[in-house]
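**Student:** After the sequence you'll find the predicted model.
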Amino acid sequence: MKDLNASSSTWADTLPSQWGPELAHTEIEVPLGRSPQDPPPSLVGRAALAPERLSLWGWMREGLRAALFLAPRTGAAAPTPWQLLVLSLISAALLVGAARWQVVGPAQFSLRGWLAPMWSGLVLLWLAWWAMAPAQRAPALAGEPGSLGPFGGLAAWYVLSAWAPLGPLLVLYVLMGMAVHQPEWWSGAVASIVFWVAYGVLTVWVLAALVVVSARFIRSRVRTAVFGLAMAAVVGVGMWQFQDQPWEEDAQALADASAQSADGAPLPEPAHLALSQGLFEDQQLLWQQQVEALAPERPGVTDVYGLVFSPYADENVFRRESSMVSTLLQERFDAQGRVLHLLNHADTAQTHPWATSENLQRAIAALAARMDRERDVLVIYMTSHGARNHELAASHWPLEVPPVTPEMLRAALDEAGIRNRVIAVSACFSGGWIEPLATDSTLIMTAADATHTSYGCGRLSELTFFGRAVFHEQLRQTHSFTEAFAKAVPLIQQREVEAGKADGFSNPQIRVGPKITPVLQALEQRLQALETNATNEIPAVAGGSAEPALSPAAATAPAATPTARP
(Lines give C-alpha, C1' and ligand atoms only; values in the text may rest on other atoms or scores of the structure.)
Protein backbone atom coordinates (compact mmCIF):
# COMPACT_ATOMS: atom_id res chain seq x y z
CA MET A 1 0.00 0.00 0.00
CA LYS A 2 1.45 3.37 -1.00
CA ASP A 3 2.13 6.25 1.39
CA LEU A 4 -0.38 8.98 0.59
CA ASN A 5 1.84 11.66 2.18
CA ALA A 6 4.83 10.92 -0.01
CA SER A 7 5.63 13.52 -2.63
CA SER A 8 6.13 10.80 -5.13
CA SER A 9 2.58 9.60 -4.65
CA THR A 10 0.30 9.91 -7.62
CA TRP A 11 -2.23 11.60 -5.28
CA ALA A 12 0.15 14.49 -4.79
CA ASP A 13 -1.06 16.07 -8.03
CA THR A 14 -4.44 16.61 -6.39
CA LEU A 15 -3.14 18.56 -3.38
CA PRO A 16 -3.50 22.35 -3.05
CA SER A 17 0.25 22.70 -3.54
CA GLN A 18 -0.30 22.34 -7.28
CA TRP A 19 -1.62 26.01 -7.35
CA GLY A 20 1.64 27.33 -5.92
CA PRO A 21 3.03 27.78 -2.41
CA GLU A 22 0.98 30.92 -1.65
CA LEU A 23 -2.40 29.40 -2.41
CA ALA A 24 -1.37 26.22 -0.73
CA HIS A 25 -1.48 28.06 2.61
CA THR A 26 -4.32 30.44 1.80
CA GLU A 27 -7.42 30.17 3.95
CA ILE A 28 -10.65 30.61 2.07
CA GLU A 29 -13.42 32.18 4.13
CA VAL A 30 -17.01 31.48 3.21
CA PRO A 31 -19.51 33.87 4.92
CA LEU A 32 -22.18 32.14 6.93
CA GLY A 33 -25.76 32.44 5.78
CA ARG A 34 -24.89 33.15 2.14
CA SER A 35 -24.17 30.77 -0.67
CA PRO A 36 -20.83 31.19 -2.48
CA GLN A 37 -22.86 31.76 -5.64
CA ASP A 38 -24.64 34.85 -4.18
CA PRO A 39 -23.50 38.25 -5.60
CA PRO A 40 -21.93 40.91 -3.35
CA PRO A 41 -24.32 43.14 -1.40
CA SER A 42 -23.56 46.19 -3.54
CA LEU A 43 -24.56 44.32 -6.66
CA VAL A 44 -27.73 43.09 -4.99
CA GLY A 45 -28.77 46.67 -4.21
CA ARG A 46 -27.87 47.78 -7.68
CA ALA A 47 -29.88 45.03 -9.29
CA ALA A 48 -32.88 45.94 -7.16
CA LEU A 49 -32.67 49.58 -8.16
CA ALA A 50 -31.61 49.25 -11.76
CA PRO A 51 -34.04 47.99 -14.38
CA GLU A 52 -32.23 46.61 -17.36
CA ARG A 53 -34.63 48.01 -19.97
CA LEU A 54 -37.42 50.57 -20.25
CA SER A 55 -40.15 50.93 -22.83
CA LEU A 56 -40.71 54.13 -24.82
CA TRP A 57 -43.51 55.10 -22.48
CA GLY A 58 -41.25 54.32 -19.52
CA TRP A 59 -38.64 56.80 -20.72
CA MET A 60 -41.31 59.44 -21.39
CA ARG A 61 -42.86 58.88 -17.96
CA GLU A 62 -39.57 59.18 -16.10
CA GLY A 63 -38.58 62.25 -18.09
CA LEU A 64 -41.87 63.97 -17.31
CA ARG A 65 -41.49 63.03 -13.63
CA ALA A 66 -38.11 64.73 -13.68
CA ALA A 67 -39.89 67.97 -14.61
CA LEU A 68 -41.38 67.83 -11.09
CA PHE A 69 -37.87 67.31 -9.68
CA LEU A 70 -38.58 63.65 -8.85
CA ALA A 71 -35.75 61.14 -9.15
CA PRO A 72 -35.93 59.19 -12.44
CA ARG A 73 -36.42 55.47 -11.79
CA THR A 74 -34.25 54.36 -14.70
CA GLY A 75 -31.37 52.78 -12.78
CA ALA A 76 -28.85 51.20 -15.11
CA ALA A 77 -31.18 51.21 -18.10
CA ALA A 78 -29.99 52.93 -21.27
CA PRO A 79 -32.17 53.63 -24.31
CA THR A 80 -31.58 51.56 -27.40
CA PRO A 81 -30.54 53.43 -30.56
CA TRP A 82 -34.03 53.31 -32.03
CA GLN A 83 -35.55 54.46 -28.72
CA LEU A 84 -33.11 57.35 -28.63
CA LEU A 85 -34.09 58.37 -32.17
CA VAL A 86 -37.85 58.07 -31.62
CA LEU A 87 -37.81 59.90 -28.28
CA SER A 88 -35.72 62.74 -29.72
CA LEU A 89 -38.02 63.08 -32.75
CA ILE A 90 -41.17 63.11 -30.63
CA SER A 91 -39.90 65.83 -28.30
CA ALA A 92 -38.62 67.91 -31.23
CA ALA A 93 -41.92 67.51 -33.11
CA LEU A 94 -43.89 68.71 -30.08
CA LEU A 95 -41.73 71.83 -29.76
CA VAL A 96 -41.85 72.59 -33.48
CA GLY A 97 -45.62 72.19 -33.47
CA ALA A 98 -45.96 74.53 -30.48
CA ALA A 99 -43.66 77.09 -32.12
CA ARG A 100 -46.01 77.27 -35.11
CA TRP A 101 -48.56 79.06 -32.94
CA GLN A 102 -46.17 81.99 -32.54
CA VAL A 103 -46.67 83.01 -36.18
CA VAL A 104 -49.97 84.60 -37.18
CA GLY A 105 -51.29 83.69 -40.59
CA PRO A 106 -49.54 81.67 -43.29
CA ALA A 107 -46.14 80.34 -42.27
CA GLN A 108 -43.43 78.20 -43.77
CA PHE A 109 -40.99 75.90 -42.02
CA SER A 110 -37.44 77.24 -41.89
CA LEU A 111 -34.88 74.45 -41.77
CA ARG A 112 -32.16 77.00 -41.11
CA GLY A 113 -34.13 78.52 -38.24
CA TRP A 114 -34.67 75.06 -36.75
CA LEU A 115 -31.04 73.98 -37.07
CA ALA A 116 -29.46 77.27 -35.95
CA PRO A 117 -29.87 76.64 -32.17
CA MET A 118 -28.66 73.02 -32.46
CA TRP A 119 -25.09 74.06 -31.67
CA SER A 120 -26.12 74.64 -28.04
CA GLY A 121 -27.32 71.05 -27.76
CA LEU A 122 -23.96 69.74 -28.95
CA VAL A 123 -22.13 71.98 -26.46
CA LEU A 124 -24.36 70.77 -23.60
CA LEU A 125 -23.82 67.17 -24.66
CA TRP A 126 -20.06 67.62 -24.38
CA LEU A 127 -20.40 69.41 -21.02
CA ALA A 128 -22.58 66.60 -19.67
CA TRP A 129 -20.09 63.96 -20.82
CA TRP A 130 -17.29 65.81 -19.03
CA ALA A 131 -19.28 66.42 -15.86
CA MET A 132 -20.59 62.87 -15.38
CA ALA A 133 -17.44 61.01 -16.49
CA PRO A 134 -16.06 60.28 -12.96
CA ALA A 135 -19.42 59.04 -11.67
CA GLN A 136 -19.97 56.85 -14.71
CA ARG A 137 -16.51 55.31 -14.33
CA ALA A 138 -17.46 54.16 -10.82
CA PRO A 139 -20.89 52.60 -11.31
CA ALA A 140 -20.69 50.55 -8.11
CA LEU A 141 -21.37 53.70 -6.11
CA ALA A 142 -24.84 53.74 -7.58
CA GLY A 143 -25.85 50.98 -5.23
CA GLU A 144 -24.59 52.66 -2.08
CA PRO A 145 -26.93 54.58 0.24
CA GLY A 146 -27.25 58.25 -0.63
CA SER A 147 -26.25 57.79 -4.26
CA LEU A 148 -29.25 56.15 -5.85
CA GLY A 149 -29.23 58.25 -9.03
CA PRO A 150 -29.53 56.81 -12.54
CA PHE A 151 -26.33 55.48 -14.07
CA GLY A 152 -27.36 54.57 -17.61
CA GLY A 153 -24.71 56.73 -19.24
CA LEU A 154 -24.82 59.66 -21.62
CA ALA A 155 -27.69 58.24 -23.69
CA ALA A 156 -29.94 58.01 -20.63
CA TRP A 157 -29.03 61.57 -19.63
CA TYR A 158 -29.80 62.82 -23.14
CA VAL A 159 -33.31 61.34 -23.18
CA LEU A 160 -34.18 62.50 -19.67
CA SER A 161 -32.78 66.01 -20.26
CA ALA A 162 -34.89 66.26 -23.44
CA TRP A 163 -38.12 65.29 -21.68
CA ALA A 164 -37.60 66.88 -18.24
CA PRO A 165 -38.04 70.50 -19.45
CA LEU A 166 -40.61 69.61 -22.11
CA GLY A 167 -43.67 70.45 -19.99
CA PRO A 168 -42.63 73.98 -18.96
CA LEU A 169 -41.26 74.60 -22.45
CA LEU A 170 -44.60 73.82 -24.06
CA VAL A 171 -46.36 76.11 -21.58
CA LEU A 172 -43.81 78.82 -22.39
CA TYR A 173 -44.49 78.43 -26.12
CA VAL A 174 -48.23 78.71 -25.48
CA LEU A 175 -47.63 81.89 -23.46
CA MET A 176 -45.62 83.47 -26.27
CA GLY A 177 -48.23 82.39 -28.81
CA MET A 178 -50.92 84.10 -26.73
CA ALA A 179 -48.86 87.28 -26.78
CA VAL A 180 -48.78 87.11 -30.59
CA HIS A 181 -52.43 86.20 -31.16
CA GLN A 182 -53.93 88.31 -28.39
CA PRO A 183 -51.57 91.27 -27.85
CA GLU A 184 -54.37 93.33 -26.33
CA TRP A 185 -54.48 90.96 -23.36
CA TRP A 186 -51.01 92.09 -22.28
CA SER A 187 -51.22 95.77 -23.16
CA GLY A 188 -51.94 96.99 -19.62
CA ALA A 189 -49.28 97.60 -16.99
CA VAL A 190 -50.50 94.80 -14.69
CA ALA A 191 -50.98 92.35 -17.56
CA SER A 192 -47.49 93.10 -18.83
CA ILE A 193 -46.03 92.38 -15.38
CA VAL A 194 -47.98 89.11 -15.21
CA PHE A 195 -46.67 88.09 -18.62
CA TRP A 196 -43.02 88.72 -17.77
CA VAL A 197 -43.30 87.10 -14.34
CA ALA A 198 -44.79 84.00 -15.94
CA TYR A 199 -42.11 84.08 -18.63
CA GLY A 200 -39.37 84.31 -15.99
CA VAL A 201 -40.81 81.54 -13.82
CA LEU A 202 -41.14 79.15 -16.75
CA THR A 203 -37.61 79.93 -17.94
CA VAL A 204 -36.16 79.28 -14.47
CA TRP A 205 -38.22 76.07 -14.26
CA VAL A 206 -36.73 74.82 -17.53
CA LEU A 207 -33.17 75.54 -16.42
CA ALA A 208 -33.72 74.09 -12.94
CA ALA A 209 -35.18 70.86 -14.35
CA LEU A 210 -32.12 70.45 -16.56
CA VAL A 211 -29.71 71.08 -13.69
CA VAL A 212 -31.50 68.74 -11.27
CA VAL A 213 -31.78 65.83 -13.69
CA SER A 214 -28.13 66.31 -14.71
CA ALA A 215 -27.00 66.41 -11.06
CA ARG A 216 -28.38 62.91 -10.53
CA PHE A 217 -25.96 61.63 -13.17
CA ILE A 218 -23.02 63.83 -12.19
CA ARG A 219 -23.14 63.14 -8.40
CA SER A 220 -20.62 65.91 -7.68
CA ARG A 221 -21.59 69.33 -6.35
CA VAL A 222 -18.58 71.03 -7.89
CA ARG A 223 -19.07 69.53 -11.33
CA THR A 224 -22.80 70.13 -11.15
CA ALA A 225 -22.19 73.82 -10.35
CA VAL A 226 -19.77 74.13 -13.26
CA PHE A 227 -22.22 72.40 -15.57
CA GLY A 228 -25.11 74.61 -14.43
CA LEU A 229 -23.16 77.86 -14.96
CA ALA A 230 -21.90 76.72 -18.36
CA MET A 231 -25.41 75.67 -19.38
CA ALA A 232 -26.86 79.05 -18.37
CA ALA A 233 -24.14 80.80 -20.39
CA VAL A 234 -24.81 78.66 -23.47
CA VAL A 235 -28.57 79.21 -23.26
CA GLY A 236 -28.06 82.95 -22.75
CA VAL A 237 -25.80 83.26 -25.78
CA GLY A 238 -28.28 81.29 -27.85
CA MET A 239 -31.18 83.56 -26.87
CA TRP A 240 -29.07 86.65 -27.55
CA GLN A 241 -27.32 85.82 -30.80
CA PHE A 242 -29.43 83.04 -32.35
CA GLN A 243 -33.04 84.20 -32.44
CA ASP A 244 -33.98 82.19 -35.50
CA GLN A 245 -37.28 80.34 -35.25
CA PRO A 246 -38.45 77.16 -37.02
CA TRP A 247 -41.41 79.03 -38.51
CA GLU A 248 -41.51 82.32 -40.39
CA GLU A 249 -44.18 84.24 -42.25
CA ASP A 250 -44.90 82.94 -45.74
CA ALA A 251 -44.36 86.06 -47.84
CA GLN A 252 -45.87 84.55 -50.96
CA ALA A 253 -48.97 83.31 -49.17
CA LEU A 254 -49.48 86.71 -47.56
CA ALA A 255 -49.12 88.37 -50.94
CA ASP A 256 -51.59 85.94 -52.50
CA ALA A 257 -54.07 86.62 -49.71
CA SER A 258 -53.76 90.36 -50.24
CA ALA A 259 -54.37 89.88 -53.97
CA GLN A 260 -58.05 89.26 -53.39
CA SER A 261 -60.12 92.32 -54.27
CA ALA A 262 -63.18 93.47 -52.35
CA ASP A 263 -65.52 91.24 -54.34
CA GLY A 264 -63.23 88.24 -53.93
CA ALA A 265 -61.88 88.21 -57.49
CA PRO A 266 -58.10 87.75 -57.72
CA LEU A 267 -56.06 90.56 -59.16
CA PRO A 268 -54.01 89.90 -62.30
CA GLU A 269 -50.63 88.30 -61.79
CA PRO A 270 -47.70 90.72 -62.12
CA ALA A 271 -45.82 90.66 -65.39
CA HIS A 272 -42.60 88.68 -65.44
CA LEU A 273 -39.30 89.70 -66.91
CA ALA A 274 -38.46 88.42 -70.39
CA LEU A 275 -34.70 87.92 -70.52
CA SER A 276 -32.83 88.45 -73.77
CA GLN A 277 -29.34 89.42 -74.89
CA GLY A 278 -30.69 92.78 -75.97
CA LEU A 279 -32.07 93.43 -72.51
CA PHE A 280 -28.74 92.67 -70.87
CA GLU A 281 -27.00 95.04 -73.28
CA ASP A 282 -29.63 97.72 -72.63
CA GLN A 283 -29.11 97.36 -68.89
CA GLN A 284 -25.38 97.91 -69.26
CA LEU A 285 -25.94 100.99 -71.42
CA LEU A 286 -28.59 102.30 -69.03
CA TRP A 287 -26.26 101.88 -66.08
CA GLN A 288 -23.47 103.76 -67.81
CA GLN A 289 -25.81 106.61 -68.82
CA GLN A 290 -27.24 107.07 -65.34
CA VAL A 291 -23.86 107.00 -63.62
CA GLU A 292 -22.42 109.52 -66.09
CA ALA A 293 -25.46 111.75 -65.56
CA LEU A 294 -24.89 112.04 -61.80
CA ALA A 295 -24.35 115.69 -60.87
CA PRO A 296 -21.02 116.50 -59.22
CA GLU A 297 -20.78 117.84 -55.70
CA ARG A 298 -20.80 121.60 -55.17
CA PRO A 299 -17.88 123.05 -53.21
CA GLY A 300 -19.00 124.62 -49.97
CA VAL A 301 -22.45 123.02 -50.11
CA THR A 302 -23.59 119.97 -48.18
CA ASP A 303 -25.23 118.07 -51.00
CA VAL A 304 -27.66 115.19 -50.62
CA TYR A 305 -27.09 112.11 -52.77
CA GLY A 306 -29.66 109.35 -52.84
CA LEU A 307 -29.74 105.61 -53.43
CA VAL A 308 -33.18 103.99 -53.57
CA PHE A 309 -33.20 100.20 -53.65
CA SER A 310 -36.31 98.10 -54.38
CA PRO A 311 -35.37 94.46 -55.16
CA TYR A 312 -38.75 92.66 -54.91
CA ALA A 313 -40.38 92.62 -58.35
CA ASP A 314 -43.56 90.71 -57.46
CA GLU A 315 -45.16 93.51 -55.43
CA ASN A 316 -46.12 96.82 -57.06
CA VAL A 317 -46.19 98.51 -53.67
CA PHE A 318 -42.41 98.49 -53.56
CA ARG A 319 -42.21 100.07 -57.01
CA ARG A 320 -44.62 102.82 -55.99
CA GLU A 321 -42.90 103.45 -52.69
CA SER A 322 -39.36 103.55 -54.07
CA SER A 323 -40.51 105.90 -56.85
CA MET A 324 -42.13 108.18 -54.29
CA VAL A 325 -38.94 108.35 -52.21
CA SER A 326 -36.77 108.98 -55.27
CA THR A 327 -38.99 111.91 -56.26
CA LEU A 328 -39.15 113.22 -52.71
CA LEU A 329 -35.36 113.36 -52.35
CA GLN A 330 -35.06 115.37 -55.56
CA GLU A 331 -37.93 117.74 -54.74
CA ARG A 332 -37.45 118.26 -51.00
CA PHE A 333 -33.72 117.69 -50.46
CA ASP A 334 -32.16 119.54 -53.39
CA ALA A 335 -30.92 116.27 -54.89
CA GLN A 336 -31.83 116.71 -58.56
CA GLY A 337 -29.54 114.58 -60.67
CA ARG A 338 -28.00 113.00 -57.57
CA VAL A 339 -30.29 110.01 -57.02
CA LEU A 340 -29.82 106.45 -58.31
CA HIS A 341 -32.98 104.37 -58.28
CA LEU A 342 -32.38 100.61 -58.51
CA LEU A 343 -35.65 98.80 -59.17
CA ASN A 344 -36.72 95.26 -60.01
CA HIS A 345 -39.91 95.30 -62.07
CA ALA A 346 -40.81 93.85 -65.45
CA ASP A 347 -42.17 97.18 -66.70
CA THR A 348 -39.08 99.24 -65.79
CA ALA A 349 -36.28 97.10 -67.24
CA GLN A 350 -35.70 99.78 -69.92
CA THR A 351 -35.71 102.73 -67.50
CA HIS A 352 -34.20 101.57 -64.20
CA PRO A 353 -31.08 99.53 -63.39
CA TRP A 354 -31.82 96.26 -61.67
CA ALA A 355 -31.78 96.13 -57.89
CA THR A 356 -29.19 93.42 -57.32
CA SER A 357 -26.50 93.12 -54.67
CA GLU A 358 -23.82 93.71 -57.32
CA ASN A 359 -25.52 96.88 -58.56
CA LEU A 360 -25.97 98.04 -54.98
CA GLN A 361 -22.23 97.91 -54.43
CA ARG A 362 -21.52 99.52 -57.79
CA ALA A 363 -24.04 102.30 -57.09
CA ILE A 364 -22.42 103.14 -53.75
CA ALA A 365 -19.00 103.28 -55.40
CA ALA A 366 -20.35 105.49 -58.23
CA LEU A 367 -21.99 107.92 -55.79
CA ALA A 368 -18.83 108.06 -53.68
CA ALA A 369 -16.85 109.04 -56.78
CA ARG A 370 -19.19 112.02 -57.39
CA MET A 371 -19.82 113.32 -53.87
CA ASP A 372 -17.65 114.87 -51.21
CA ARG A 373 -17.33 111.81 -49.03
CA GLU A 374 -16.45 113.82 -45.92
CA ARG A 375 -19.12 116.57 -46.13
CA ASP A 376 -22.02 115.43 -48.30
CA VAL A 377 -24.83 113.16 -47.08
CA LEU A 378 -25.86 109.87 -48.69
CA VAL A 379 -29.51 108.91 -48.12
CA ILE A 380 -30.26 105.22 -48.72
CA TYR A 381 -33.83 103.91 -48.81
CA MET A 382 -34.47 100.15 -49.04
CA THR A 383 -37.92 98.60 -49.29
CA SER A 384 -38.86 94.92 -49.60
CA HIS A 385 -39.93 91.94 -47.55
CA GLY A 386 -37.66 91.08 -44.62
CA ALA A 387 -36.85 87.82 -42.88
CA ARG A 388 -36.15 86.97 -39.26
CA ASN A 389 -32.48 86.50 -40.12
CA HIS A 390 -32.55 90.14 -41.32
CA GLU A 391 -32.06 89.43 -45.00
CA LEU A 392 -33.82 91.73 -47.45
CA ALA A 393 -35.80 89.62 -49.91
CA ALA A 394 -35.00 89.98 -53.61
CA SER A 395 -36.99 88.60 -56.55
CA HIS A 396 -36.96 89.23 -60.30
CA TRP A 397 -37.82 85.90 -61.92
CA PRO A 398 -36.35 84.43 -64.07
CA LEU A 399 -33.31 86.50 -63.05
CA GLU A 400 -31.68 85.01 -59.99
CA VAL A 401 -31.22 87.73 -57.37
CA PRO A 402 -29.70 86.88 -53.95
CA PRO A 403 -30.97 88.63 -50.81
CA VAL A 404 -29.15 91.62 -49.33
CA THR A 405 -27.79 91.71 -45.78
CA PRO A 406 -26.84 94.63 -43.53
CA GLU A 407 -23.27 93.36 -43.41
CA MET A 408 -23.09 93.59 -47.20
CA LEU A 409 -24.31 97.20 -47.16
CA ARG A 410 -21.94 98.17 -44.35
CA ALA A 411 -18.94 96.70 -46.17
CA ALA A 412 -19.78 98.61 -49.37
CA LEU A 413 -20.18 101.91 -47.50
CA ASP A 414 -16.97 101.47 -45.54
CA GLU A 415 -15.03 100.56 -48.67
CA ALA A 416 -16.41 103.62 -50.47
CA GLY A 417 -15.37 105.85 -47.57
CA ILE A 418 -18.69 107.71 -47.28
CA ARG A 419 -18.88 109.32 -43.86
CA ASN A 420 -22.37 110.83 -43.46
CA ARG A 421 -25.12 108.26 -43.95
CA VAL A 422 -28.91 108.35 -43.56
CA ILE A 423 -30.32 104.84 -44.01
CA ALA A 424 -34.00 103.84 -43.93
CA VAL A 425 -35.05 100.19 -44.19
CA SER A 426 -38.74 99.47 -44.77
CA ALA A 427 -39.13 95.74 -44.12
CA CYS A 428 -40.20 93.27 -41.48
CA PHE A 429 -37.67 92.58 -38.70
CA SER A 430 -35.59 95.47 -40.07
CA GLY A 431 -34.53 96.49 -36.56
CA GLY A 432 -31.85 93.84 -36.96
CA TRP A 433 -30.11 96.18 -39.43
CA ILE A 434 -29.35 98.83 -36.80
CA GLU A 435 -26.40 97.26 -34.99
CA PRO A 436 -24.46 96.21 -38.13
CA LEU A 437 -24.90 99.66 -39.73
CA ALA A 438 -24.54 101.96 -36.73
CA THR A 439 -21.65 104.46 -36.71
CA ASP A 440 -21.12 107.86 -35.11
CA SER A 441 -21.92 109.47 -38.47
CA THR A 442 -25.00 107.39 -39.35
CA LEU A 443 -28.72 107.93 -38.84
CA ILE A 444 -30.61 104.70 -39.37
CA MET A 445 -34.35 104.17 -39.04
CA THR A 446 -36.32 101.00 -39.61
CA ALA A 447 -39.97 100.12 -40.13
CA ALA A 448 -39.95 97.56 -37.31
CA ASP A 449 -37.78 96.23 -34.53
CA ALA A 450 -35.80 93.00 -34.88
CA THR A 451 -38.66 90.72 -33.78
CA HIS A 452 -41.81 92.20 -35.34
CA THR A 453 -43.32 92.51 -38.79
CA SER A 454 -44.02 95.82 -40.44
CA TYR A 455 -47.27 96.46 -42.28
CA GLY A 456 -48.75 97.61 -45.54
CA CYS A 457 -47.40 95.47 -48.36
CA GLY A 458 -49.38 93.40 -50.82
CA ARG A 459 -50.91 94.08 -54.20
CA LEU A 460 -53.73 96.16 -52.73
CA SER A 461 -51.41 98.45 -50.78
CA GLU A 462 -50.51 101.85 -52.15
CA LEU A 463 -47.55 102.36 -49.81
CA THR A 464 -46.23 100.64 -46.71
CA PHE A 465 -47.28 102.18 -43.40
CA PHE A 466 -43.68 103.25 -42.69
CA GLY A 467 -43.01 104.77 -46.11
CA ARG A 468 -46.35 106.56 -46.12
CA ALA A 469 -46.06 108.10 -42.65
CA VAL A 470 -42.36 109.04 -42.59
CA PHE A 471 -41.58 110.00 -46.18
CA HIS A 472 -44.84 110.65 -48.02
CA GLU A 473 -46.45 112.62 -45.18
CA GLN A 474 -44.02 113.95 -42.58
CA LEU A 475 -40.97 114.68 -44.75
CA ARG A 476 -43.19 116.84 -46.95
CA GLN A 477 -43.67 119.09 -43.92
CA THR A 478 -40.15 119.12 -42.49
CA HIS A 479 -36.56 118.52 -43.58
CA SER A 480 -35.66 116.85 -40.28
CA PHE A 481 -35.49 113.06 -40.39
CA THR A 482 -35.71 112.79 -36.60
CA GLU A 483 -38.75 115.04 -36.40
CA ALA A 484 -40.49 113.20 -39.22
CA PHE A 485 -39.82 109.85 -37.56
CA ALA A 486 -41.06 111.02 -34.14
CA LYS A 487 -44.33 112.31 -35.61
CA ALA A 488 -44.83 109.26 -37.83
CA VAL A 489 -44.52 106.56 -35.14
CA PRO A 490 -47.85 107.26 -33.36
CA LEU A 491 -49.57 107.45 -36.74
CA ILE A 492 -48.18 104.05 -37.68
CA GLN A 493 -49.28 102.55 -34.36
CA GLN A 494 -52.81 103.94 -34.71
CA ARG A 495 -53.15 102.65 -38.25
CA GLU A 496 -51.88 99.20 -37.31
CA VAL A 497 -54.49 98.98 -34.55
CA GLU A 498 -57.25 100.10 -36.92
CA ALA A 499 -56.10 97.57 -39.53
CA GLY A 500 -56.14 94.73 -36.99
CA LYS A 501 -52.44 93.89 -37.03
CA ALA A 502 -52.39 90.69 -34.97
CA ASP A 503 -48.74 90.22 -34.03
CA GLY A 504 -48.26 93.41 -32.07
CA PHE A 505 -46.93 96.88 -32.80
CA SER A 506 -44.18 96.93 -35.42
CA ASN A 507 -42.22 99.30 -33.16
CA PRO A 508 -40.16 101.33 -35.68
CA GLN A 509 -36.61 102.06 -34.53
CA ILE A 510 -34.17 104.95 -34.97
CA ARG A 511 -30.56 105.52 -33.95
CA VAL A 512 -28.73 108.77 -34.54
CA GLY A 513 -24.95 108.96 -34.37
CA PRO A 514 -23.64 112.00 -32.46
CA LYS A 515 -21.42 113.19 -35.30
CA ILE A 516 -24.15 113.31 -37.95
CA THR A 517 -26.52 115.43 -35.86
CA PRO A 518 -24.83 118.81 -36.57
CA VAL A 519 -24.47 117.88 -40.26
CA LEU A 520 -28.19 117.22 -40.59
CA GLN A 521 -29.08 120.36 -38.64
CA ALA A 522 -27.02 122.49 -41.01
CA LEU A 523 -28.60 120.72 -43.99
CA GLU A 524 -32.07 121.36 -42.58
CA GLN A 525 -31.36 125.06 -42.23
CA ARG A 526 -30.06 125.31 -45.80
CA LEU A 527 -33.06 123.48 -47.25
CA GLN A 528 -35.47 125.60 -45.23
CA ALA A 529 -33.84 128.75 -46.56
CA LEU A 530 -34.17 127.44 -50.12
CA GLU A 531 -37.82 126.65 -49.57
CA THR A 532 -38.63 130.14 -48.33
CA ASN A 533 -36.69 131.84 -51.09
CA ALA A 534 -38.98 132.17 -54.07
CA THR A 535 -36.13 132.81 -56.48
CA ASN A 536 -34.40 129.54 -55.54
CA GLU A 537 -37.51 127.37 -55.61
CA ILE A 538 -36.69 123.74 -56.34
CA PRO A 539 -37.78 122.86 -59.92
CA ALA A 540 -40.05 119.93 -60.53
CA VAL A 541 -38.60 116.64 -61.75
CA ALA A 542 -38.67 116.31 -65.51
CA GLY A 543 -41.40 114.15 -66.97
CA GLY A 544 -40.97 110.85 -68.73
CA SER A 545 -39.35 109.18 -65.73
CA ALA A 546 -41.48 106.03 -66.13
CA GLU A 547 -42.20 106.14 -62.40
CA PRO A 548 -45.90 105.64 -61.64
CA ALA A 549 -47.83 108.46 -60.00
CA LEU A 550 -49.43 107.86 -56.65
CA SER A 551 -53.18 107.75 -56.43
CA PRO A 552 -54.97 110.16 -54.09
CA ALA A 553 -55.43 107.24 -51.68
CA ALA A 554 -51.72 107.35 -50.90
CA ALA A 555 -52.19 110.45 -48.76
CA THR A 556 -55.29 109.22 -46.98
CA ALA A 557 -55.85 106.71 -44.23
CA PRO A 558 -54.87 103.13 -45.15
CA ALA A 559 -57.29 100.57 -46.43
CA ALA A 560 -58.91 98.25 -43.96
CA THR A 561 -57.22 95.16 -45.34
CA PRO A 562 -53.46 95.80 -45.60
CA THR A 563 -51.23 92.90 -44.87
CA ALA A 564 -48.33 92.34 -42.54
CA ARG A 565 -45.20 91.75 -44.54
CA PRO A 566 -42.14 89.78 -43.74
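**Tutor:** Everything's here; your move.
**Student:** Tell me the bridge partners for residue 443.
**Tutor:** Beta-bridge partners recorded for residue 443 (DSSP bridges): residue 422, residue 512.
**Student:** Checking residue 415 next. Helix, strand or coil?
**Tutor:** helix (DSSP: H, G, I helix; E, B strand; the rest coil).
**Student:** residue contacts, it?
**Tutor:** With contact set as Cβ atoms under 8 Å, 6 or more residues apart in numbering, residue 415 has these partners: residue 365. In short, each C-beta sits where N, CA and C put it, glycine included.
**Student:** Check what pLDDT it gets.
**Tutor:** Listed pLDDT for residue 415 reads 96.
**Student:** and residue 400, how many neighbours?
**Tutor:** Neighbours of residue 400 under the rule other Cβ atoms under 10 Å: 9.
**Student:** and what of residue 499?
**Tutor:** 19.
**Student:** Then residue 91?
**Tutor:** Neighbourhood size, residue 91 [other Cβ under 10 Å]: 19.
**Student:** Now it: closest residue in space, sequence neighbours ignored.
**Tutor:** Excluding its sequence neighbours, the residue lying closest to residue 91 (Cβ to Cβ, 6 or more residues apart in numbering) is residue 162, at 4.8 Å.
**Student:** One more: residue 506?
**Tutor:** Spatially, and ignoring its direct neighbours in sequence, residue 506 is nearest to residue 448 (4.1 Å; Cβ to Cβ, 6+ apart).
**Student:** Likewise for residue 134?
**Tutor:** Counting by Cβ to Cβ, 6+ apart, residue 134 lies nearest to residue 220, which is 6.7 Å off, once chain neighbours are set aside.
**Student:** Can you tell me the element the residue nearest to residue 91 falls in?
**Tutor:** Per DSSP states H and E: residue 162 is located in helix 154-163.
**Student:** Quick check on residue 321: phi, psi?
**Tutor:** As for residue 321, its main-chain torsions (degrees, to the nearest 10) stand at phi -70, psi -40.
**Student:** was I right about it contacting residue 427?
**Tutor:** No. With contact defined as Cβ atoms under 8 Å, residue 321 does not reach residue 427; the gap is 11.2 Å.
**Student:** so what sits against both of these two?
**Tutor:** Joint contacts of residue 321 and residue 427 (Cβ under 8 Å, 6+ apart) are residue 383.
**Student:** contacting residues around residue 440?
**Tutor:** By Cβ under 8 Å, 6+ apart, residue 440 lies in contact with 513-516.
**Student:** how close does it get to residue 519?
**Tutor:** In this view, residue 440 and residue 519 are 11 Å apart by Cβ to Cβ, to the nearest Å.
**Student:** joint contacts of these two?
**Tutor:** By Cβ under 8 Å, 6+ apart, no residue touches both residue 440 and residue 519.
**Student:** Only the buried residues of stretch 406-418, if you could.
**Tutor:** The neighbour-count check on stretch 406-418 (16 or more other Cβ atoms under 10 Å) flags 406, 408-410, 412-413, 416, 418 as buried.
**Student:** still on that earlier bit, from the contact counts, what lies against the helix holding residue 162?
**Tutor:** On a contact count with 3 or more Cβ pairs under 8 Å, 6 or more residues apart in numbering; DSSP states H and E, helix 154-163 meets helix 56-66, helix 81-99, helix 118-137, helix 189-218.
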